[in-house]
Structure formats: structure tokens, C-alpha cells
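Enquirer: The following block contains a protein sequence and its predicted model.
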Amino acid sequence: MSEKQVFKPNRAFAKDARIKNMCEYHELQDKAMEDYEGFWGDFAKEKIDWIEPFTNVLDESKAPFVKWFDGGKLNVASQCIDRHLDTRKNKAAIIFEGDRGDVQTITYLDLYKHVNRFANLLKEDFGVKKGDRVIIYMPMIPEAAYAMLACARIGAIHSIVFGGFSSEALKDRIEDAEAKVVITADGAFRKEKPYMLKPVVDAALEGNTPVKKVIVVQRNFEDVEWVAGRDYSYNEMIEQKSSICEPEVMDSEDPLFLLYTSGSTGKPKGVQHNSAGYILWAQMTMEWVFDVKENDTYWCTADVGWITGHTYIVYGPLAMGATTVMFEGVITFPDAGRPWSMVENHRINQFYTAPTAIRVLHKMGEHEPAKYDMSSLKVLGTVGEPIDPPAWKWYYEEVGQSKCAIVDTYWQTETGGHIVSPLPGATPIKPACATFPLPGIMAEILDPETGEKVEAGEKGYMCVTRPWPSQIRGVWGDEERYVKSYFGDVKKDGKPVYFTGDGAVYDEDGYITITGRTDDVINVSGHRMGTAEVEAAIKKHPNVAEVAVVGKPHPLKGEGIFAYIVLKSDDGVADEVEEVKAINNIIKHEIGNIALCDDMVFAPGLPKTRSGKIMRRILRAIAKGEEITQDISTLEDPSIVEKIAAMVK
Ligand code: 6R9
């Protein structure tokens, strides 16, 4: 395989695909160009079961604040459940596989009952109303999906916090969202051992908190503290609840959820997604990009704590009436054959994971896939970071047996769903390349200065020049930050342009390759970490005077975190090992294990301009071991560069 090789869609697959060839792709794209509102309006009518029809497709009079499908009324939980009951009530909605191999099949009818009971519990016993924020801090168990859908059913806004985040990170998100209820679990299982979540919630709720009640799903039945009047057992209460709950009638633009994500500055922002536009694109991309068929079984390995888990484990698959697999465990446990044994056991047809997982599975079990029956697989997906050609090749040949399309899906928390991706039956694929914008998405690579589309081979910024239904609607509680973070000065036809924060390049055939973030966001194992957040945590160490954090290429994680730390005491580091430990403990406490530094260097100072700005570009180059080519003569103290570089070597 050469990197220039083009992989044509599998013919037999393409014959039955929803989008069968590039002509069909172009027809859709042309229709969107010619009649943007007609394009989206028709799909919205076709895909959504409206309680009341919308009266207007797109209102961009206050752009970048936009409204889609105004006047329309719907309920997202009904979209995902009720409307399937006539034809799919006995179909598996969720197949859950626990860490220890326990399997549970939840049909659409089961899901309906679970979600309604949960919705009634929230409403009747916890006083949760439309518009209230509910924090979900859960392991990967079906109750996490029930909780999300129960919120959607009663119009509450959920905000899931990834179970790997610390009590401080959880506290910040609870406070920012002003949530009144937390749904959590005692814990769950990892590598056949119980681990705990409830104690993290307890710590997050110490002191002043808007949270009045905590619902605890008992999963591992380990002992946990119960605060009387605050903590309630889901398991004890849920059976008494009615399995009928009328869905709340929601406006198209009523918020569905918040999801906090890192930006280049400040604290994580609560990305807000609203009801109709989000669920429409979640469903459409499921259909187009994974091409899931009625009898297929689809598995996305993400965690519901990330956007991928929201859109492509829960909302997208269920909106289209698919069977979605949920996995509690670790994909390399008990060995690197775990995912492939699951492919065999559940006859998985579409498998969706992150490059970091592919690299680890490759490294730990190169020929492991061959031990299993992988013949059910049709489409393989990747998401979260650029995939490197060796990982792509292994995924294609060993996992996909050289017959499955690999869809390298490019998107973000803010985009709600995929925006640039191959279509498995249509797009001739180039390895490690996100290829083309999906139909309806006006994604272009622009020059940030001029706003012009760049030429092939020239690096530019990945942008979207028209609003689209599943785009971020706001940063919770901070209108200005929404405008500032995503809409620069560049306008197209007088309208604001959405900036993704990623760099990208076209090749001579117009294929898009994403080159990575252009801002101070590090992509660690496909997870976004703001350098500012990690720096703020490290600064809490009393002996730290200054710190600068940058990303450094990492063979498995994609990027690792590299910290340059200047200590207050002049006599250097008394005990470097102890200092590193202490700082790591702070990071664990403030953010969580995912933000631990891969490298720490105790530097005598940081390279700064005369105006005091830290030159991260130089620090990035030093971390990579690159030659410094920038002009450093204008730095406040040019000699510092050499000193740090010598330490890093
Ligand atoms: C879905 C998700 C978003 C950032 C994004 C970009 C990177 C995601 C990618 C990719 C290259 C892909 N990213 N998919 N880079 N190729 N296929 O990951 O959302 O957690 O918000 O991260 O991830 O840098 O800006 P999120």
C-alpha cells in the first residue's frame, strides 16, 4: 500500500448503499448549494416525526446566533424510541457488554419503559422540570443512556461529565451549569475489579453547591456513603415508577444538552446543542457515513462522556432505529483480542473507534484479528485525531480484511456530528484522509487572513461558511465567548464563518487532510486538553512560579503533554522525583488522570518576548527536539532557549 493509493468502494457494498457513487454525492451537494433551505427543509420533514411542523427552515438574521426549524415541535426521546415501537418493539436497541463479559439486550420496548420510569422518577421524586440542568456522571452502563433520554423526555438539559474527570473538574461543571441534580453510579467494573465514582461526586458536592439531590445507580454494589436527604438509590425507587410518561413538547431550538469541552483559553466551555437540528444530523450522518441497515449491529467504542458517545452511541443510532452496542470494559482486557471477540460474538457490522485505540491494539496484538471471525464487518470508522498511515494500513488490512471502507470522520463537540468524511459506498478513499465535506456542509479550507479558499498544498484553517442544523448554539452562560471562540473577523457574503480551530490542506484532487489544531489545544488520545487548564492546575503547586504546557508527538496517544516548569526557589529542585509526583497529584485532583504530563522539565526560565508573551512555538520545537529556526534575538533573554534545549536533550 502506498500513501498515494486510492481505495475504491467495495462494489457489492456500494450497490446497496444509501449514497452509491460520487455522482449521487455531487447531486446532493449541488442541491444544497442551489437551494440550501430546501435541502435541509426536505430532510427535516422526512426524518423527524414532528408534533407540529416547522414554519421556517433557517433564521440567520442574528448570525452567528441562528435558529433552525422555527415553529417546529418535537421530542428527541420520542424520536429515538416511541416512533420505532410499531415496527421495532422487539428489536435490540442496545446490546450491553459488561467488563466481565455479562451481556444484556435491551429492546426498543424495554428502552421505552426504562426511560419513562426514569423520566417519571426525575419529575415526580426529584422535581426536575423542563430547562433544568442535570449532571450525569456515569460509567458505560445502559442506565447512562436511560438517564440521557429521560432528561430529553421531560425537557431537562443533561450535561455528562466523563467519569475520568476529578471531583474539582466535576464541581466546576456543576457550578457553571447550575445543576440541581446529579445522576451517578456507585461505580462500575474495570478489568474485573470494581472502581468507584460516587466518592468523587461526594467530594465535588462539599461546601456550597447548587445540587440538592443525587441519584445513585447501583452497579457494583460496593459500599458507598449515603447522605440522608440527598442521596437516593435508583435501584430501590425505579420499579415503583410508571412506565408511561408523556413526552414534553419541545421547540426545535429548546436546548437538549450541554457538553463541556476544552478551548484554547480559560475554563472548559459548556457547548450547547439544541433539539431538532442536532437529532436530524445525528440520524442523517448515521445513515450516510455508517450506512447502517435494518438488521445490522453497530458498535462505537467511545464513552458517553464525550460527544462521540452522545451522537454515535446514543442519539444517532437510536434515532434511526439501529442496534447500538455499549461496552463497559477496556478494549485491551483481558487481551488485545477483546474487540475482535466482540465483533465475532455480536456479529458487528460497523465498528467505530479512535486512532489511539487502533495504535494500541495494533501494537499489542498485530495478528489478533485473524483469530476471530470478522466477516460481518462492513464499515470501519475512526474519529478524534488524525490517523497515521501505518495505523490506517493495519486497520484496513488486518481488521477490515481489505474489504471494508474506512471512514475517517472529522468533526468536533461543537459540530454535533460529522462534517468531513468519506461515504463508504461512494468515496474513493485515500489513506489517512478525511476526504470531502458531507452533503449540506459548506466546509472549506480558508486563508485566515484573507478569507479566501486556499490552493492545493497550501495550509489553511478548516472552516464552515454556512450555518448547519447540528452546530453549537452557544456557550452556556457566555454569549460573547461563543462569538469570540468560533467566529473570527472573516465573513463570506457578509455572513460570519465558523472556525474549527484545526488546520487543513487540500491535495491536488481536492481531498481534505486535517493537520491538527492551530490553537493551544492538545489532542491526547483523541481527547481535547486546553494548555491553559493544565497550566492552571500546575500553578496551584505552591513552589511553581511559571509554567508553559505544549503538545509533543506521542507514538500511541497522538500527542502527549509536555510541561516546562519554573520553580520559585532558586536552589533548583531538591528532589525532582518528589516534585513531579506532587505536581501530578495536583493535576489528578484538579482535572483527572487524562491530563497527567508525559514530560516535565524544570526550566530556569521561559522564552518570552519583551512584552512578556511566552513563545510556545519555540517550546514546541524544543519538546520535539527540533532545530530552532525562529529568530530569537528579540526575546527578553535569548540565552534561555539554549539552556532549556540542553536540558531537554
Ligand atoms: C469528535 C471529537 C475535536 C478535535 C478536532 C480535531 C480532532 C477529530 C478528527 C480530528 C483529524 C479526524 N479530530 N476528528 N482530527 N482527523 N478524523 O473528537 O470531538 O473531542 O471535540 O475533538 O479532534 O482537532 O478539532 P472533540
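Expert: Now that the structure is in, tell me what you want to look at.
Enquirer: How about the secondary structure of Glu642?
Expert: Under DSSP: H, G, I helix; E, B strand; the rest coil, Glu642 falls in the helix class.
Enquirer: What count of nearby residues applies to it?
Expert: Glu642 has 12 neighbouring residues, counting by other Cβ atoms under 10 Å. Quick note: C-beta positions are derived from backbone N, CA and C, even for glycine.
Enquirer: Check Asp631 too.
Expert: Asp631: 8 neighbours (other Cβ under 10 Å).
Enquirer: what do you get for Glu366?
Expert: Glu366: 12 neighbours (other Cβ under 10 Å).
Enquirer: now the one helix or strand Met33 maps to, how far from the chain's geometric center?
Expert: Counting by DSSP states H and E, the secondary-structure element that holds Met33 is helix 22-34. Distance of helix 22-34 from its chain centroid, counting by Cα atoms, centre = their mean, to the nearest Å, is 28 Å.
Enquirer: Give me the buried stretch members for it, please.
Expert: Buried positions in helix 22-34, judged by neighbour count with 16 or more other Cβ atoms under 10 Å: Glu24, Tyr25, Leu28, Gln29, Ala32.
Enquirer: before we move on, what about stretch 511-518?
Expert: Tyr511, Ile512, Thr513, Ile514, Gly516, Arg517, Thr518.
Enquirer: If we check the ligand, which of those residues are in contact?
Expert: Filtering the buried residues of stretch 511-518 for proximity to the ligand (criterion: Cβ under 6 Å from any ligand atom) leaves Ile514, Arg517.
Enquirer: ok so, going back, for the ligand, state which of the buried residues of helix 22-34 is nearest.
Expert: Of all those, the ligand sits closest to Tyr25, with 18.4 Å by Cβ to the nearest ligand atom.
Enquirer: Spell out which parts of the stretch 301-450 of the chain neighbour the ligand.
Expert: 306-308, 383-386, 408-413, 434.
Enquirer: Tabulate these in CSV, adding columns for pLDDT and distance to Leu149.
Expert: Shown next, in CSV, are those (pLDDT from 0 to 100; distance: Cβ to Cβ, whole Å):
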residue, pLDDT, distance to Leu149
Trp306, 97, 18
Ile307, 98, 17
Thr308, 98, 17
Val383, 97, 22
Gly384, 95, 24
Glu385, 93, 29
Pro386, 91, 33
Asp408, 98, 29
Thr409, 98, 23
Tyr410, 98, 27
Trp411, 98, 22
Gln412, 97, 23
Thr413, 97, 20
Ala434, 97, 30
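Enquirer: now, which of those lie within strands?
Expert: Among these, DSSP state E puts Asp408 in strands.
Enquirer: Where helices are concerned, which of the residues of the stretch 301-450 of the chain next to the ligand count?
Expert: Ile307, Thr308 (DSSP state H).
Enquirer: residue closest to the middle of the protein?
Expert: Here the mean C-alpha position of the chain is nearest to the C-alpha of Ile307 (Cα atoms, centre = their mean), at a distance of 3.1 Å.
Enquirer: Look up how far Tyr278 lies from that one.
Expert: The gap separating Ile307 from Tyr278 is 11 Å, by Cβ to Cβ, to the nearest Å.
Enquirer: leaving aside the residues next to it on the chain, what's closest to the residue in the stretch 51-200 of the chain that the ligand sits nearest to?
Expert: The minimum distance from the stretch 51-200 of the chain to the ligand, using Cβ to the nearest ligand atom, falls at Phe162 (10.2 Å). Of all residues not flanking Phe162 in the chain, Gly305 sits nearest, at 2.9 Å (Cβ to Cβ, 6 or more residues apart in numbering).
Enquirer: Gly187: what's it in contact with?
Expert: By Cβ atoms under 8 Å, 6 or more residues apart in numbering, the residues touching Gly187 are Pro139, Pro194, Tyr195, Met196, Leu197, Lys198, Arg219, Asn220, Glu222, Val224.
Enquirer: which among those residues end up buried?
Expert: Pro139, Met196, Leu197, Lys198, Arg219, Asn220, Val224.
Enquirer: Who is the second one paired with across the strands?
Expert: According to DSSP bridges, Gly187 are recorded as the beta-bridge partners of Met196.
Enquirer: burial of Lys581, as a residue count?
Expert: Counted with other Cβ under 10 Å, Lys581 comes out at 11.
Enquirer: Now do the same for it: its pLDDT.
Expert: For Lys581, the pLDDT comes out at 93.
Enquirer: element containing it, please.
Expert: helix 576-590.
Enquirer: in the very next helix or strand once past that helix, what counts as buried?
Expert: Once the chain leaves helix 576-590, the next helix or strand it forms, by DSSP H and E, is strand 599-602. Going by neighbour count (16+ other Cβ under 10 Å), the buried part of strand 599-602 is Met600, Val601, Phe602.
Enquirer: just those now: which is nearest the ligand?
Expert: Using Cβ to the nearest ligand atom, the buried residues of strand 599-602 come closest to the ligand at Met600, 24.3 Å.
Enquirer: need the contact list for that closest one.
Expert: Phe562, Ala563, Ile565, Val580, Ile583.
Enquirer: are any of those residues buried, and which?
Expert: Phe562, Ala563, Ile565, Val580, Ile583.
Enquirer: Confirm Arg617 sits in a helix?
Expert: Yes: when three-state DSSP is applied, Arg617 is found to be in a helix.
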